[in-house]
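Peer 1: structure for the following, please:
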Amino acid sequence: MMSGHTNPNETRDPIPNENIFFIEIGFGNDSHGQSATKAAIRACRNAIEFNSIPSIKRLIPNGGYDALKLDVLLAVPPKYRDGLDLDEVAKVFPYGHVRFEVQDGGMIAPSGIAIEKLGDVGDDMVVVCASVTVGH
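Peer 2: As a prediction, the model looks like this:
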């Protein structure tokens with residue numbers, strides 16, 4: 001694992017279209033506690049959890065996993081965007097140089113119940129959508 005390459009403040013250019021391997025989509029929610037961070041972590045895991053790239057060293061010139069780039073687009077409800085911790089979300093990715101973009105989106109849905117001991121301040125469920133572009 002080369003998690004030292006993840007940097008939520010990466011400012012490089014987006015991955016050029018000709019260098020994209022695939023784009024994966026996921027969503028996640030926090031049913032109790034109203035945490036955009038938990039929802040974003042779940043969305044990113046959902047996007048990447050069912051893949052393996054065993055031939056990456058042959059596909060990427062000069063670097064393999066060290067040269068892998070990930071562009072992560074998160075759609076987060078504006079009401080909960082200030083609570084989003086990209087340092088925590090970046091830990092989802094075991095390798096590659098991660099660049100985040102956050103936009104308004106996602107969803108706030110009612111959970112039907114607020115459970116104080118689970119951290120609820122209301123009955124909002126926070127839903128975040130993620131698009132993870134993988135390339136070099």
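Peer 1: check which helices and strands the host helix or strand of residue 22 sits against.
Peer 2: Applying DSSP states H and E as the criterion places residue 22 in strand 20-30. In terms of contacts (3 or more C-beta pairs under 8 Å, 6 or more residues apart in numbering; DSSP states H and E), strand 20-30 is packed against helix 36-48, strand 124-135. In short, each C-beta sits where N, CA and C put it, glycine included.
Peer 1: so which of those comes closest to residue 70?
Peer 2: Nearest to residue 70 among the helices and strands packed on strand 20-30 is strand 124-135; the distance by C-beta to C-beta comes to 5.6 Å.
Peer 1: average pLDDT across that closest one?
Peer 2: For strand 124-135, mean pLDDT rounds to 97.
Peer 1: what does stretch 84-91 give?
Peer 2: Here the average pLDDT along stretch 84-91 is 98.
Peer 1: low-confidence ranges, this structure, go.
Peer 2: Within the chain, the stretches with pLDDT under 70 are 1-10.
Peer 1: re the thing from before, can you list the helices and strands packed on strand 20-30 in a markdown table and add mean neighbour count?
Peer 2: Below are these laid out as a markdown table (neighbours: other C-beta atoms under 10 Å):
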| stretch | mean neighbour count |
| --- | --- |
| helix 36-48 | 23 |
| strand 124-135 | 23 |
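Peer 1: including distance to residue 16, could these go into CSV?
Peer 2: Conversion of the helices and strands packed on strand 20-30 to CSV gives the following (distance: least, C-beta to C-beta, whole Å):
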stretch, distance to residue 16
helix 36-48, 21
strand 124-135, 8
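Peer 1: which parts of the strand holding residue 22 are buried?
Peer 2: 24, 26, 27, 28, 29, 30 (16 or more other C-beta atoms under 10 Å).
Peer 1: just checking: what are the partner strands of it?
Peer 2: Strand 20-30 pairs in its sheet with strand 124-135 (antiparallel), by DSSP bridges.
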